[in-house]
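S.K.: quick one, what's the 3D model for this:
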Amino acid sequence: MEAASISHAGAGEHAHGEHHGPIAANRSSRVEPQLLGMLLFIISEVMVFGAFFTAYFFIRVAQGNPWPAHGTTLPVEVAGVNTAILVSSSFTLHWAEHCIKKDNHWGLKAGMFLTFLLGCTFLFIQINEYANIGFAPQDGAQQTIFFSLTGLHGAHVFIGLLLLLFVNIRAFRGHYSAAEHRGVEVPGIYWHFVDIMWLVVYFTVYIL
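M.R.: This next block holds a predicted model:
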């Protein structure tokens, strides 16, 4: 009887201690991991932009350098049109997100495709602006910070376009639905961040 009890206890301990695969993560937040990861990433990117804006205000305010530098002009009107194009992409993206929540797959495809085209148009105009602006980053501190801030944002637009491309491919393959559309929302948060950050860059660099 005693031997049977010991054997039963040993078997119970073995069964209790046996575990296959990784232990499930302890979630202390109600925010989904994908959404939380994107929000943390955006916070880190805000800090990166903050460092460049600090350099911008140091050159312009602390050192009292003219902005833009003497002999240079900024294409405010062209940048304004480009701003309208990029802001419009946030509205088409929001429309796409709204459509998929109602299982409107046609609206999702149309909205995402328009968003991608508007983003490409913005980047093309910015590259064309660089080619015709009349100064280079090595010409002075003001020119360096101009290309640094706008170029940093352009790099984020490029990354956002890659994400939008993947979303477009998946949308046209029918991977999203009203019940499963996190793959649209998470990249969408990043794209809205890119748009908002450009508004800050535009009003700071081109208007002020």
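
S.K.: excluding residues flanking it in the chain, which one is nearest Pro75?
M.R.: Leaving aside its sequence neighbours, Pro75 sits nearest to Glu129 (CB to CB, 6 or more residues apart in numbering; 5.8 Å). (Each C-beta comes from the backbone N, C-alpha and C, glycine too.)

S.K.: could you point out which element follows the helix or strand encompassing that neighbour?
M.R.: Using DSSP states H and E, Glu129 maps to helix 105-132. Using DSSP H and E, the helix or strand that follows helix 105-132 in sequence is helix 141-172.

S.K.: could you check the angle helix 105-132 makes with that following helix?
M.R.: 160 degrees (axes from the mean of the first three to the mean of the last three CA atoms, to 10 degrees).

S.K.: for helix 141-172, packing partners?
M.R.: helix 33-57, helix 76-101, helix 105-132, helix 182-201 (3 or more CB pairs under 8 Å, 6 or more residues apart in numbering; DSSP states H and E).

S.K.: those helices: which one's closest to Leu208?
M.R.: helix 33-57 (10.0 Å; CB to CB).

S.K.: right, and Arg170 touches Gly183 too?
M.R.: Yes. Assessed by CB atoms under 8 Å, Arg170 is found in contact with Gly183 at 6.3 Å.

S.K.: and for Ser148, the neighbour number?
M.R.: When neighbours are counted by other CB atoms under 10 Å, Ser148 registers 15.

S.K.: whoops, I mixed them up, Ala179
M.R.: Ala179: 7 neighbours (other CB under 10 Å).

S.K.: just Ile100 next, same as before
M.R.: A count of nearby residues for Ile100, using other CB under 10 Å, gives 23.

S.K.: before we move on, what about Ile43?
M.R.: Neighbours of Ile43 using other CB under 10 Å come to 10.

S.K.: what do you get for Phe203?
M.R.: Neighbour number of Phe203 under other CB under 10 Å is 11.

S.K.: thinking again about what came up before, can you lay out the helices and strands packed on helix 141-172 as TSV showing mean pLDDT?
M.R.: As requested, these are arranged in TSV below (pLDDT from 0 to 100):
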stretch	mean pLDDT
helix 33-57	91
helix 76-101	96
helix 105-132	97
helix 182-201	95
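
S.K.: export the ones you listed to a markdown table and append columns for distance to Thr150.
M.R.: As requested, the helices and strands packed on helix 141-172 are arranged in a markdown table below (distance: least, CB to CB, whole Å):
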| stretch | distance to Thr150 |
| --- | --- |
| helix 33-57 | 10 |
| helix 76-101 | 9 |
| helix 105-132 | 7 |
| helix 182-201 | 6 |
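
S.K.: out of the ones you listed, nearest to Leu165?
M.R.: That would be helix 105-132 among the helices and strands packed on helix 141-172, by CB to CB, at 6.5 Å.

S.K.: against which helices or strands is the closest one packed?
M.R.: helix 76-101, helix 141-172, helix 182-201.

S.K.: what's the closest of those helices to Tyr56?
M.R.: helix 141-172 (5.0 Å).

S.K.: SS state for His175?
M.R.: coil (DSSP: H, G, I helix; E, B strand; the rest coil).

S.K.: would you mind measuring from it to Arg182?
M.R.: 11 Å (CB to CB, to the nearest Å).

S.K.: look up how far Leu199 lies from the closest residue in space to Phe146 that isn't next to it in sequence.
M.R.: Nearest non-adjacent residue to Phe146, counting by CB to CB, 6+ apart: Val205, 6.4 Å away. Using CB to CB, one gets 11 Å for the distance from Val205 to Leu199.
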